[in-house]
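Student: One predicted model, sequence on top.
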Amino acid sequence: MKRSGFTMLELVLVIVVLGILAVIALTKIGASRDDAKAVMIKKDIESTKSFLGAHATAEDGVETLDTAIQLDENKWLVHVDGKQAVYNSENDNVWCVRMEIIGLKNADQNLSILINEENHNRVCLNLHERLGMETNQSVRLKGEHIKY
């Protein structure tokens, strides 16, 4: 007697293999999304450095971050005084990146950029480890010896 079709064991093995492949694919997709967020944050930081430097040169200093650049409010929390912006991790709400204008408008000014090494969120780790960003940067905006 000739049997056609699959045995229960064959069907179970196929389902297990498909499940393993799905888990591998989902972890890769999640890692790609975190990499994209880290690249976006790095781009925001580089844009902020560039725009604030140009604005400080043209306007003899910078009052607030939003006078020179508009950061995405869904990603960055700009403090009331406008001199500090923070990017928090999505799940644990712990700060990942902090940018702050140090100094007064008509004096020497620096942009301080800190990456929280104690935040073990994958996006924050990627900024430092994979994208090579320093954890503590200070960019001179106004005064002597300016480098952009």
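Tutor: Done, it's in.

Student: what residue ranges in this structure score low on pLDDT?
Tutor: Within the chain, the stretches with pLDDT under 70 are 1-2, 91-92, 143-148.

Student: Show me where it has its strands.
Tutor: In the chain, the strands defined using DSSP state E lie at 76-78, 84-88, 95-102, 109-115, 136-142.

Student: you'd agree residue 53 is up against residue 101?
Tutor: No: the pair residue 53 / residue 101 is not scored as a contact, 11.6 Å apart, by C-beta atoms under 8 Å. For every residue, glycine as well, the C-beta is placed using N, CA and C.

Student: what is in contact with those two at once?
Tutor: Residues touching both residue 53 and residue 101 by C-beta atoms under 8 Å, 6 or more residues apart in numbering: 111, 141.

Student: between those two, which one's more packed in?
Tutor: residue 101 (25 against 21; other C-beta atoms under 10 Å).

Student: isn't that one right next to residue 142, touching?
Tutor: No: at 10.0 Å, residue 101 does not count as touching residue 142 under the criterion of C-beta under 8 Å.
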